[in-house]
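J.: pasting the structure only:
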């Protein structure tokens, strides 16, 4: 890989794609500092300093800190992610969407168009709620300079336009840059906090609140966890598929062996996000209520250091892992496609037996992936409680960063390999002409 990175500068197209990606990410980060008109940014910033560990903190992480000062990109890409997840769920229950999903590229474009419309609708709804909450003083007194319907409409138009612009940036990165644009925007919003985290760590070491030995121990654990995540994210269970010999016209196509790969973590980071959102919702409700019963319930049963919280958190992750995997992969459809292509799994009869076999393998490998995700997400709490680490190390953020990093590196390697293959073919043709 190191040798491939050195060759990036020599390939003009790949270099331009990487520079374009960095340029679009710079535009995104620049917009995160432009405050929404009519907002007192200092009041909003002081409010979010008290909201760490709530759903607002989670949204702030995905927005790259833009929500903390209510910039024009405050909603971030979350409305698009929510709309995408909703339509993925609806493809299971709505026959029209399921048909579009099976139509290939044209069907995918149509679903993406529906997703964009839903994104605008969700952004308008969320921005209206934010504007009303700002006027009611739920983000702090004096957050709005001139309240009224003029401010509400301005806030809705500004935040919705910001979300639409981010969505456009992500699509441009995907088409003209390198990597998945939406994922890279989330990735950029997360890693932007790493320098400030190192700065806080150095301050803690200088004030003797955190020893150098503790910092080294934490660093070793962090590197070990990252290596573990990389290994599991690349892990696959390959189901062998034997293709029979077929006669197409006057040509005989020889049969061969291929594989149907099943990733260990098929569901990705979605289960961790869903589980975190559900458990952080009561904390958010508790910030806006003065009821002692609600506070007592949260402190007793939903304390991240309690055993009840950890058990519920792990249970939700396992549930969403199976739920989302069932949406992503349908064993009956896979078995039907294998049968239509004239192939079969060695030792398994085509049809229902193949579907049952794939379902059995998928169930087992999903359990391994769910346990792995639970361990990575619970580890930060254990480090904070058992080792007295004075800052939070998010497992969800780690999964996102590693996953996006591996996907981007894979696309860069694919470009390098394709260029080497083109050079090999071109050289073969030249040698063939010289030989003639």
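T.: It's in. Computed from a prediction, not measured in an experiment: that's the story for all the values here.
J.: now the strands for this structure?
T.: Ranges of strands in the chain, per DSSP state E, are 236-243, 246-248, 251-253, 257-263, 343-344.
J.: Those strands: which one's closest to residue 20?
T.: Nearest to residue 20 among those is strand 257-263; the distance by CB to CB comes to 29.1 Å. The way it works is simple: take the backbone N, C-alpha and C, and place the C-beta from them, glycine included.
J.: got the buried residues for the closest one?
T.: Across strand 257-263, burial judged by 16 or more other CB atoms under 10 Å covers 260, 262-263.
J.: Can you list the strands that that strand pairs with?
T.: The strands beside strand 257-263 in its sheet (DSSP bridges) come out as strand 236-243 (antiparallel).
J.: Next, report how far the strand it pairs with is displaced from the centre of its chain.
T.: Mean-position distance between strand 236-243 and its chain equals 27 Å (CA atoms, centre = their mean, to the nearest Å).
J.: Check stretch 168-185 too.
T.: 13 Å.
J.: What residues of that stretch count as buried?
T.: In stretch 168-185, counting by 16+ other CB under 10 Å, buried: 169-170, 172-174, 177-185.
J.: which one of those is nearest residue 370?
T.: Using CB to CB, residue 183 is the member of the buried residues of stretch 168-185 that lies nearest residue 370, at 21.6 Å.
J.: got a list of what the closest one touches?
T.: Applying CB atoms under 8 Å, 6 or more residues apart in numbering, one finds that residue 183 lies in contact with 400, 403-404, 407.
J.: swap in residue 133?
T.: Listed by CB under 8 Å, 6+ apart, the contact partners of residue 133 are residue 139.
J.: Mind pulling up the pLDDT for it?
T.: pLDDT, residue 133: 81.
J.: Tell me how far it lies from residue 150.
T.: 17 Å (CB to CB, to the nearest Å).
J.: Likewise for residue 240?
T.: Separation of residue 240 from residue 150 (CB to CB): 65 Å.
J.: Next: residue 119.
T.: 25 Å.
J.: Could you do residue 116 as well?
T.: 28 Å.
J.: which of these two has more neighbours?
T.: residue 116 (16 against 10; other CB atoms under 10 Å).
J.: That one reaches residue 167, doesn't it?
T.: Yes: using CB atoms under 8 Å, residue 116 is in contact with residue 167, at 6.8 Å.
J.: Return every residue with contacts to both of those two.
T.: Common neighbours of residue 116 and residue 167 (CB under 8 Å, 6+ apart) are residue 80.
J.: wouldn't residue 69 be in contact with residue 46 here?
T.: No: taking CB under 8 Å as the definition, residue 69 is not a contact partner of residue 46, at 10.5 Å.
J.: Of those two, give the one with the bigger neighbour count.
T.: Set residue 69 next to residue 46 and count neighbours by other CB under 10 Å: residue 69 wins out with 21 against 14.
J.: Helices along the stretch 101-250 of the chain, start to end?
T.: 105-135, 149-176, 181-191, 194-206, 212-234 (DSSP state H, counting those that start in this stretch).
J.: Just put those in TSV and tack on distance to residue 276.
T.: Below are the helices of the stretch 101-250 of the chain laid out as TSV (distance: least, CB to CB, whole Å):
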stretch	distance to residue 276
helix 105-135	18
helix 149-176	21
helix 181-191	14
helix 194-206	19
helix 212-234	17
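J.: Deepest in the core, which of those helices is it.
T.: helix 181-191 (a mean of 22; mean count of other CB atoms under 10 Å).
J.: Run the angle between that helix and helix 149-176 for me.
T.: 110 degrees (axes from the mean of the first three to the mean of the last three CA atoms, to 10 degrees).
J.: and helix 181-191, how far out from the chain's middle?
T.: 8 Å.
J.: swap in stretch 136-152?
T.: 32 Å.
J.: and that stretch, which residues are buried?
T.: 139-140, 143-144, 147, 151-152.
J.: And stretch 366-386, by the same measure?
T.: 366, 369-370, 372-381, 383-384.
J.: In the stretch 301-436 of the chain, what residue spans correspond to helices?
T.: Taking DSSP H, counting those that start in this stretch as the test, the helices found in the stretch 301-436 of the chain are 307-328, 331-340, 352-386, 395-435.
J.: Which one, of the ones you listed, ends up nearest to residue 12?
T.: Each of these has some distance to residue 12 by CB to CB; the shortest is helix 395-435, at 10.2 Å.
J.: pLDDT wise, what is residue 367 at?
T.: On pLDDT, residue 367 comes in at 92.
J.: taking the mean pLDDT, what do you get for stretch 214-223?
T.: Mean pLDDT, stretch 214-223: 81.
J.: ok now that stretch, how far from the chain's centre?
T.: 25 Å.
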